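Q: pasting the structure only:
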């Protein structure tokens, strides 16, 4: 069954840039911005991460934790996080199991070639662990501001 707004967020546990696995239940009672992105250090993904970085204090003030998820390795995440001074946690989903649970592992097409990958998507999970809002097929420009506004109104 696809992930839906007002339904419980699928549970997960992934290795993190915090040096230990993190689970959804670790953030019980907190609002979470869970954003899935295709690849570390590529133009769109860097722009998206940097926009969340630039608005990080506003997200923190709104009581939200930001978690970025991609199929990249922890080593890649650590390098990406350091290069752009990202103040939030990145989660490694190399077998894309969590991306599949959230319905964002999809067939994509580039230059006529079809392949499987992450469809850039952001989920806001409310303090009760339910999906408050889904932003599918994200366009990076202005996205962090749209997410911040939605976070402010999430319980």
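A: Yes, it's here. Not measured: the values here are computed from a predicted model. Numbers count the residues shown, from 1 in each chain.

Q: quick one: contacts for residue 92?
A: 14-16, 70-74, 77 (Cβ atoms under 8 Å, 6 or more residues apart in numbering). For every residue, glycine as well, the C-beta is placed using N, CA and C.

Q: just how off-centre is the helix or strand bottoming out on mean pLDDT in the chain within its chain?
A: Lowest by mean pLDDT, DSSP states H and E among the helices and strands of the chain is strand 105-110, with a mean of 89. Taking the mean of its C-alpha atoms, strand 105-110 sits 18 Å from the chain's own mean (Cα atoms, centre = their mean, to the nearest Å).

Q: what lines up beside it in the sheet?
A: Sheet pairing here is set by DSSP bridges, and for strand 105-110 it gives strand 113-118 (antiparallel).

Q: average model confidence for the partner strand?
A: For strand 113-118, mean pLDDT rounds to 92.

Q: Residue 14 - nearest residue in space that isn't next to it in sequence?
A: Once flanking residues are discounted, residue 14 sits nearest to residue 91: 4.1 Å by Cβ to Cβ, 6 or more residues apart in numbering.

Q: got a list of what that neighbour touches?
A: Counting by Cβ under 8 Å, 6+ apart, residue 91 makes contact with 14-17, 22, 67-69, 77, 98.
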